[in-house]
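>>> What would the 3D arrangement of this be:
(one chain, ligands or ions: 1)
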Amino acid sequence: MARITLDNLAHSYLRTPASEDDYALKELNHDWEDGAAYALLGASGCGKSTLLNIISGLLMPSQGRILFDGQDVTHAATAERNIAQVFQFPVVYDTMTVRDNLAFPLRNRGRDETYVAERVQEIARMIGMEDWLDRKARGLTADAKQKISLGRGMVRKDVNALLFDEPLTVIDPHMKWELRTQLKKLHHDFGHTMIYVTHDQTEALTFADKVVVMYDGRVVQIGTPEELFERPEHTFVGYFIGSPGMNVIPARVEGNRAYIDGTELPLSAGYGPLSGKVEIGVRPEFARLSSSEGLPVKVRRVEDVGRHKIIRAEFFGHDINIIAGEDEPVGADMTRVSFDPGHVNVYNDDWLVRGAAA
Ligand SMILES: Nc1ncnc2c1ncn2[C@@H]1O[C@H](COP(=O)(O)OP(=O)(O)OP(=O)(O)O)[C@@H](O)[C@H]1O
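As a prediction, the model looks like this:
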């Protein structure tokens, strides 16, 4: 396994980029810890595949270096990087049996047949294909073929990193959950450095130790699922993670008070003067509807989603969401909302501002 260092890395698909907007991947400096499981999460077109392809060697960055355990591999071909990759669509040899497909990367490395047999059996069990080992891959469903691709990606223990590019797209929903759990177990057992690209927050949050959130070619936050929930560093992280996402409301901030349309809201920290766009961010989980406490709010709709209720409401002309417990009644007299001050974040031009403890 390897620590992967991205040093001053950036990429533009244009030959002569003129401004930052011309970069599909904006400048990035980061150390990916040896043996950690990362998810690269973001909406379509934010640069996830560009970054993954640079790490795998399919794409040469227009700026910066990439190092595996301190060794510069920027100009090394994919084959020299000793990585395993699993793509969105299956890559299998149709004329080979499932067994030979799974064994391929090990035989390629000259591993002895006893080890190959043992390891193939182990992986086949993991992907639920023990009974299919002697079948030819031709004619199998896309779903089964993708499981073989995943198995092949995982069969070698001695790779520098395992890279997955939306690997569960073609897998049916039930198997998706099972494979995600298996991948997590595999990571736990073997400690591979894993990088998993997805636009699905559930996939990212259940799989990864750390989630790398990308927005418009930029890494906006790298954190544990808890950190992304508690303290989104950027409003995009707030919107994108959570269901529904964080409420973001324009405000004026002075010291330890925020003002929304002139109405005061307490904050748990003090802030210096802020210019530019100022907003507060509060997750629906930390907003509370009541008949007497807080600021005026107009409930528009209540959605019962089983575990809890989502209250869609209007707050000083802005749409906000409030989460209430399944058993909490939502009466017509509930026209006030309060926010837990410890969970009200302040954003300046979309970036989190850290206040001084009040
Ligand atoms: N070969 C290419 N030539 C020119 N522009 C490209 C190329 N590949 C990607 N781009 C552009 O770079 C940006 C980032 O694309 P990228 O594929 O890395 O995003 P992504 O997050 O992986 O998206 P998706 O989930 O849709 O694959 C997009 O604006 C895309 O249009």
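>>> all contacts plus neighbour counts: C-alpha atoms, from now on.
Fine.
>>> list the contacts for the nearest residue to residue 22 once chain neighbours are set aside?
Nearest non-adjacent residue to residue 22, counting by C-alpha to C-alpha, 6 or more residues apart in numbering: residue 12, 6.1 Å away. Neighbour list for residue 12: 22-25, 61-62 [criterion: C-alpha atoms under 8 Å, 6 or more residues apart in numbering].
>>> ok, 7 Å please
22-25, 62 (C-alpha atoms under 7 Å, 6 or more residues apart in numbering).
>>> And for the closest residue to residue 72 other than its chain neighbours, the neighbour number?
Leaving aside its sequence neighbours, residue 72 sits nearest to residue 66 (C-alpha to C-alpha, 6+ apart; 5.9 Å). Close neighbours of residue 66, defined as other C-alpha atoms under 10 Å, add up to 26.
>>> same question, residue 108
Using other C-alpha under 10 Å, residue 108 has 8 other residues around it.
>>> same check, this time on the one 10 residues further on
Counted with other C-alpha under 10 Å, the burial measure for residue 118 works out to 11 neighbours.
>>> The one 5 residues further on too?
A count of nearby residues for residue 123, using other C-alpha under 10 Å, gives 21.
>>> does it really touch residue 151, like I thought?
Yes. Here residue 123 reaches residue 151: they are 5.9 Å apart, a contact under C-alpha atoms under 7 Å.
>>> where does the stretch 1-150 of the chain have low pLDDT?
Counting by pLDDT under 70, the stretch 1-150 of the chain has no low-confidence residues at all.
>>> run the last query once more with 80
Counting by pLDDT under 80, the ranges of the stretch 1-150 of the chain that qualify are 1.
>>> Could you pull out the strands in it for me?
For the stretch 1-150 of the chain, strands defined by DSSP state E, counting those that start in this stretch occupy the ranges 4-11, 25-32, 37-41, 63-68, 71-72, 83-86.
>>> What parts of the protein come near the ligand?
Counting by C-alpha under 6 Å from any ligand atom, the chain comes close to the ligand at 13, 24, 43-50.
>>> Try it again at 5 Å.
Counting by C-alpha under 5 Å from any ligand atom, the positions of the chain adjacent to the ligand are 13, 24, 44-50.
>>> what's the farthest-apart pair in those residues?
For the residues of the chain next to the ligand, the farthest-apart pair by C-alpha to C-alpha is 13 and 44; their separation is 16.7 Å.
>>> What residues does the closest residue in space to residue 193 that isn't next to it in sequence make contact with?
Leaving aside its sequence neighbours, residue 193 sits nearest to residue 35 (C-alpha to C-alpha, 6+ apart; 4.0 Å). Taking C-alpha under 7 Å, 6+ apart, we find residue 35 in contact with 1, 191-193.
>>> Give me the neighbour count for residue 336.
Residues near residue 336, counting by other C-alpha under 10 Å, number 18.
>>> I'd like to know how far it sits from residue 252.
Distance, residue 336 to residue 252, using C-alpha to C-alpha, to the nearest Å: 20 Å.
>>> cool, and residue 124?
Between residue 124 and residue 252 the distance is 58 Å, computed by C-alpha to C-alpha.
>>> Tell me where the stretch 201-350 of the chain has strands.
Under DSSP E, counting those that start in this stretch, the stretch 201-350 of the chain gives strands at 210-215, 218-223, 247-250, 252-260, 263-271, 278-282, 287-290, 295-296, 298-304, 308-315, 318-325, 336-339, 344-348.
>>> Any chance of the ones you listed in a markdown table with mean pLDDT as columns?
Output for the strands of the stretch 201-350 of the chain, formatted as a markdown table (pLDDT from 0 to 100):
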| stretch | mean pLDDT |
| --- | --- |
| strand 210-215 | 96 |
| strand 218-223 | 96 |
| strand 247-250 | 97 |
| strand 252-260 | 95 |
| strand 263-271 | 94 |
| strand 278-282 | 98 |
| strand 287-290 | 96 |
| strand 295-296 | 94 |
| strand 298-304 | 95 |
| strand 308-315 | 96 |
| strand 318-325 | 96 |
| strand 336-339 | 96 |
| strand 344-348 | 97 |
